[in-house]
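**Q** Provided below for reference: sequence and predicted model.
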Amino acid sequence: NAGVTQTPKFRILKIGQSMTLQCAQDMNHNYMYWYRQDPGMGLKLIYYSVGAGITDKGEVPNGYNVSRSTTEDFPLRLELAAPSQTSVYFCASSTSTITDTQYFGPGTRLTVL
Amino acid sequence: GQQVMQIPQYQHVQEGEDFTTYCNSSTTLSNIQWYKQRPGGHPVFLIQLVKSGEVKKQKRLTFQFGEAKKNSSLHITATQTTDVGTYFCAGWYSGNTPLVFGKGTRLSVIA
């Protein structure tokens, strides 16, 4: 199993550009999450999904969109990138309940200039 | 919303010294998890505590869940350079709400 994979690893965007961060898991996990981690800071939940077709907002959803058309994939869309979105983005998944261990991907480091 | 407070934010220790990080919640937690993030890496699950007063050990790491299930601690005995990283606690309250992560404690170990 590859676990949770994220692409790209690094990306530089200009202000106003858009992009999609990809996340995939091959563990057949129902729950998936997107977090952002600013330098030296903790994890902030952006969006999460409890299954295909179901998504919900986390603590900091503004400026982002998600979709979950399959169990495996949970892409995060940034529209009109802003410098405040410079961060490391982690995708995570957990098994059958929302209290289960979360498995994190390696992260995408995004810089908006 | 629910918050899990974690202290200290940073801790610098000499190799061989002990280290403790604490998590506190104003309301009762159903369970608490601990994660470790190495510098430049991603968070990795360490352990989950569920029962009131529970104590679990992993080699030099001791995890405790308070009797009232509102606080938890991670204690590392005789730190090593391999312990360097940020330690996060994450609490679950109830229902279908996600885990709430603390801000983490960054541990530096001076050889």
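**A** Received it, and whenever you're ready, just let me know what you need. Numbering: from 1, shown residues only, chains lettered A, B, ... in the order given.
**Q** with adjacent residues omitted, what lies nearest to the closest residue to chain A within chain B?
**A** Residue nearest to chain A within chain B: residue B:103 (3.6 Å; Cβ to the nearest Cβ). Where you see a C-beta, it was placed from the backbone N, CA and C, and this is true even at glycine. Sequence neighbours aside, residue A:42 is the residue nearest to residue B:103 in space, at 3.6 Å (criterion: Cβ to Cβ, 6 or more residues apart in numbering or on different chains).
**Q** and residue B:3, what's its pLDDT?
**A** Predicted confidence (pLDDT) for residue B:3: 88.
**Q** beta partners for the residue positioned nearest the centre of chain A?
**A** The residue lying closest to the centre of chain A (Cα atoms, centre = their mean) is residue A:34, at 3.1 Å. Judged by DSSP bridges, the bridge partners of residue A:34 are residue A:47, residue A:91.
**Q** look up how far chain B lies from the closest residue to residue A:66 other than its chain neighbours.
**A** With Cβ to Cβ, 6+ apart as the criterion, residue A:66 has its nearest non-adjacent residue at 4.4 Å, and that residue is residue A:47. The spacing between residue A:47 and chain B, counted by Cβ to the nearest Cβ, to the nearest Å, is 10 Å.
**Q** report the contact partners of residue A:47.
**A** Residue A:47 makes contacts with A:33, A:34, A:55, A:56, A:57, A:58, A:61, A:64, A:66, A:76, as judged by Cβ atoms under 8 Å, 6 or more residues apart in numbering or on different chains.
**Q** among the residues you listed, which ones are buried?
**A** By neighbour count, with 16 or more other Cβ atoms under 10 Å in any protein chain shown, the contacts of residue A:47 hold A:33, A:34, A:55, A:58, A:61, A:64, A:66, A:76 as buried.
**Q** among these, which are in strands?
**A** A:33, A:34, A:55, A:64, A:66, A:76 (DSSP state E).
**Q** show me the contacts for the third one.
**A** Going by Cβ under 8 Å, 6+ apart, residue A:55 touches A:47, A:48, A:49, A:66, A:67, A:68.
**Q** and the residues you listed, which is closest to chain B?
**A** Among those, residue A:48 lies closest to chain B (Cβ to the nearest Cβ), at 5.4 Å.
**Q** what's around the closest one, how many residues?
**A** Using other Cβ atoms under 10 Å in any protein chain shown, residue A:48 is surrounded by 27 other residues.
**Q** against residue B:10, how distant is it?
**A** According to Cβ to Cβ, to the nearest Å, residue A:48 stands 29 Å off from residue B:10.
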